[in-house]
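Here is my input; please provide its structure:
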Amino acid sequence: QAIIAGDVQIGNIGGAEILNSQANNAKVIAIEETTASPLFEIHAAPAIKKVEELKGKTIAITQTGSSTDMATRVLLKNHGLDPTKDAKLLPASNMPGIVAALVSKNADAGTVSPPTTLKATAAGFPMVASAVDEHVPLQNNLVATTRAYADQHPEVVYAYLKAVLEANK
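Model (predicted):
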């Protein structure tokens, strides 16, 4: 939303969010993929030790159709669960909302990304699955901007991408 509004010119967002924005006629484009798998982890109540134990449980995500939703569905399928039948996915708005759902016991597990992974662990909800460890094939951490900004400021976009590459190196 900040990129679309012009409050932020370049940012990092998920592939699902780019597709959703384009479906709503926003001109957000991905210009670089920074990770091969999303950084999401499923964190759960201490009694839950593995993904298979999430059958019949509620898992907090940010929103339906988001990157957390997609990663959760892939992770559940990787462990033999049908995300539409074996678990309830609870939209919790954002990362703090997911942790709040865990703490309030409105959710048994939640799919979070750094630094919220640390907050979930500190709140007593350890990791039970990692999209990186399981090589989940979803575009997630994409550098994005609007088509208009990229066209009007190619030198800024180039400098930003060069800085990202140098930082990664």
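
alpha carbons only for contacts and neighbour counts from here, please
Will do.

Name the next helix or strand following the helix-or-strand element of the chain with minimal mean pLDDT along the chain.
The helix or strand of the chain with the poorest confidence is helix 15-23; it has a mean of 84 (mean pLDDT, DSSP states H and E). Stepping forward along the backbone from helix 15-23, the first helix or strand reached (DSSP states H and E) is strand 28-33.

That following strand: what's the following helix or strand?
As assigned by DSSP H and E, the chain's next helix or strand after strand 28-33 is strand 41-44.

From the contact counts, what lies against that next one?
Using 3 or more CA pairs under 8 Å, 6 or more residues apart in numbering; DSSP states H and E as the contact criterion, the elements in contact with strand 41-44 are strand 109-112, helix 116-122, strand 127-130.

Please work out which of the ones you listed is packed deepest.
Per-residue neighbour counts averaged over each of those give the maximum for strand 109-112, namely a mean of 32 (mean count of other CA atoms under 10 Å).

what comes up buried for the lengthiest helix in the chain?
Assignment by DSSP state H gives helix 154-168 as the longest helix of the chain. By neighbour count on 16 or more other CA atoms under 10 Å, the buried set for helix 154-168 is V157.
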